[in-house]
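Engineer: Pasting the sequence and the predicted model now:
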Amino acid sequence: MLAIETDALSKDYPVGFWRPRPYRALHDLTLAVERGDIFGFLGPNGAGKSTAIKLLMQLVFPTSGSARILGRPLGDPAVKQRIGFLPENPSFYDYLSAEELLTYFAGLFGIPAGERPARVAAVLDQVGLGAERRSRLRSYSKGMVQRVGIAQALINEPEVVFFDEPMSGLDPIGRREIRQLLLDLRARGT
């Protein structure tokens, strides 16, 4: 079974005030990504990379075409439990600590209350934020917030993870650590 497959996936946005006309943000994207593969989009700004991810996450809906994740159509509630997502610009409740935020997300995924502390600690250690787990997010640097975003994408031990600009705000050491994290995820079949 493929992790991700799209068939002629396209997205048009209306532009213009008086006479809106369609602007094609993504045109006929057809691809197949195997389970355990690391797949990335490369291209200039405006090429449709983020639009493709937003379509797969159902933050926007296609103008035409179709897509499947883990063999199921987009929007299938069972699939949503099996995926993780880091948006391009993560924004969180900055009065919470990373530990509190991830505990909240763990609850949204239905992780039993007794398992949440260990799971939160594990993903914070995984992204290198173990020591800062109780600090408020408002005191974090951009790179640290990015690491929290990666942690929240992994809290449910997903089978498929979507990262939009995962290296944004990270220093060179952080980038190396996140590349290693991606390789570790691939090694376990994510």
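Structural biologist: In hand now; what should we look at? All figures in this text were calculated on a predicted structure; none of them were measured in a lab.

Engineer: What are the buried residues along stretch 106-121?
Structural biologist: Ala106, Phe109, Ile111, Arg116, Arg119, Val120 (16 or more other Cβ atoms under 10 Å). The C-beta positions use only the backbone N, C-alpha and C, and glycine is treated the same way.

Engineer: now, which of those residues sits nearest Thr51?
Structural biologist: Closest to Thr51 out of the buried residues of stretch 106-121 is Phe109 (25.8 Å), distances taken as Cβ to Cβ.

Engineer: OK, contacts around the closest one?
Structural biologist: Applying Cβ atoms under 8 Å, 6 or more residues apart in numbering to Phe109 gives the contacts Gln81, Ile155, Asn156.

Engineer: which of these lies closest to Glu88?
Structural biologist: Glu88 has its nearest neighbour among the contacts of Phe109 in Ile155, at 19.0 Å by Cβ to Cβ.

Engineer: how far away is the closest one from Ala121?
Structural biologist: Noted for Ile155: a distance of 11 Å to Ala121, by Cβ to Cβ, to the nearest Å.

Engineer: circling back: most neighbours out of the contacts of Phe109, which is it?
Structural biologist: When neighbours are counted by other Cβ atoms under 10 Å, Ile155 leads these with 24 neighbours.

Engineer: mind checking how far that one is from Val148?
Structural biologist: 10 Å.

Engineer: Overlap of the contact sets of those two?
Structural biologist: Residues touching both Ile155 and Val148 by Cβ under 8 Å, 6+ apart: Leu102.

Engineer: could you point out the longest helix in the chain?
Structural biologist: helix 172-187 (DSSP state H).

Engineer: OK, contacts around Met72?
Structural biologist: For the record, residue 72 is Arg, not Met. Counted by Cβ under 8 Å, 6+ apart, Arg72 has contacts Ala78, Val79.

Engineer: One more pass at 10 Å, please.
Structural biologist: Met1, Ala78, Val79, Lys80, Arg82 (Cβ atoms under 10 Å, 6 or more residues apart in numbering).

Engineer: which strands and helices sit next to the helix-or-strand element of the chain with minimal mean pLDDT?
Structural biologist: When each helix and strand of the chain is scored by mean pLDDT, DSSP states H and E, helix 77-80 comes last, with a mean of 89. Judged by 3 or more Cβ pairs under 10 Å, 6 or more residues apart in numbering; DSSP states H and E, the packing partners of helix 77-80 are strand 64-69, strand 72-73.
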